[in-house]
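Asks: Here's my sequence, what's the structure:
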Amino acid sequence: MRKQDNIFEKGNLGDLPFTFNDEVAEVFEDMIDRSVPGYKTSLKLITLFSKQYYKDNTNCYDIGCSLGASSLSILRGAKSAKVIAIDNSEAMINACIDGHKELISQDKILFVKENVCDAKLENASIIVINYVVQFLAIHERDKLIKKAYDALVQGGVLIISEKIHFKNPYEANRLFKLHHQFKLANGYSELEIASKRDSLEGVLLTETQEDHTQRAIRAGFTRVEKVLSNLNFVTYRFEK
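Replies: Predicted coordinates for the structure are as follows:
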C-alpha cells in the first residue's frame, strides 16, 4: 500500500527547496497521482506507443525514472524489451531496486544512478522523459532532446510529458485556478499547496507548448504531436 503524501502538512519548515530525497521517494506515487492531472493516462499512452514503436534488439530508456512507473508501462507494451532506467536521485534508484527485484533478476530493467544529462543513449526505439525536463536548467534541455534524437533508430519515438505555462495571462490564471482546485479535491490543504509551491520555486521551471515543440523540431524530429492535454500538463510524441 502506498504511503500518503503529507510532507507539507505543517508547511515548508525552513523554506527548503524541493528535492527528490528519501522522504519524497516514500510518498512519490501518492504525490504525483494527486498533483498531476492526466498522470495515469500518460502512462497508458506509454504502453500504447511502446507496443507500436518497439523494435527487436534495440534499447528502451526511461530518463528520470523516479519509481519506475514509466519503465513498467514500456514493458506492458513491449514485453520482450529491456528498459534502462536512469535517475540522478539515489533515493529513487534505491527504492526502484528494492521494489523491482524480480524484473531486475529477469534482466528486464536496469536501474542506473546517473545525471540524466550525462547518460549515454544509443540504439533506442523508445525513450521516455516523463515530467523531467521541467527540472533541468534551461541550457541543458536542448542538449538532452538532441541526445535523445541522435540515440533513436529511424522510426523510433520520444514520449515526453511536462507541466507547461501559457503566455496569455487570462489562460494562465484560469488553468492555475483549476489546477489548484484539482489538488484541493484530492485532499491537499491550502497550506500544503502553498508550501509545496514555495519549495518548487526556482526548482521546477515550466515552458510553453511552443518551447517544447520548437525544441523537438530543432533536434530533427519529423513528427511532433501533442497527444494528451489535461489542464496545464501535456504529453507529446516526437517521432524520428
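Asks: isn't residue 49 right up against residue 237?
Replies: Yes - between residue 49 and residue 237 a contact is recorded at 6.4 Å, counting by CB atoms under 8 Å. Placement of C-beta: from N, CA and C, glycine included.
Asks: Need the residues touching each of the two.
Replies: 157, 159 (CB atoms under 8 Å, 6 or more residues apart in numbering).
Asks: secondary structure class for residue 4?
Replies: coil (DSSP: H, G, I helix; E, B strand; the rest coil).
Asks: I'd like the next helix or strand past the longest helix seen in the chain.
Replies: Criterion DSSP state H: the longest helix present in the chain is helix 169-185. As assigned by DSSP states H and E, the chain's next helix or strand after helix 169-185 is helix 190-200.
Asks: tell me what that following helix is packed against?
Replies: If you count contacts as 3 or more CB pairs under 8 Å, 6 or more residues apart in numbering; DSSP states H and E, helix 190-200 packs onto helix 169-185.
Asks: Distance of residue 168 relative to residue 174?
Replies: 9 Å (CB to CB, to the nearest Å).
Asks: the more surrounded of those two?
Replies: Legend: neighbour count by other CB atoms under 10 Å for residue 168 and residue 174, higher for residue 174 (14 against 10).
Asks: The residue lying closest to residue 74 once chain neighbours are set aside: neighbour count?
Replies: Leaving aside its chain neighbours, residue 74 sits nearest to residue 50 (4.6 Å; criterion: CB to CB, 6 or more residues apart in numbering). Residues near residue 50, counting by other CB under 10 Å, number 25.
Asks: Pretty sure residue 50 sits against residue 58.
Replies: No - using CB under 8 Å, residue 50 and residue 58 do not qualify as a contacting pair, with a distance of 11.5 Å.
Asks: Residues in contact with both of these two, list them for me.
Replies: If you check residue 50 and residue 58 against CB under 8 Å, 6+ apart, the residues they both contact are residue 126.
Asks: ok, back up a step: the longest helix of the chain: which residues count as buried?
Replies: Residues of helix 169-185 classed as buried: 175, 179, 182-183 (neighbour count, 16 or more other CB atoms under 10 Å).
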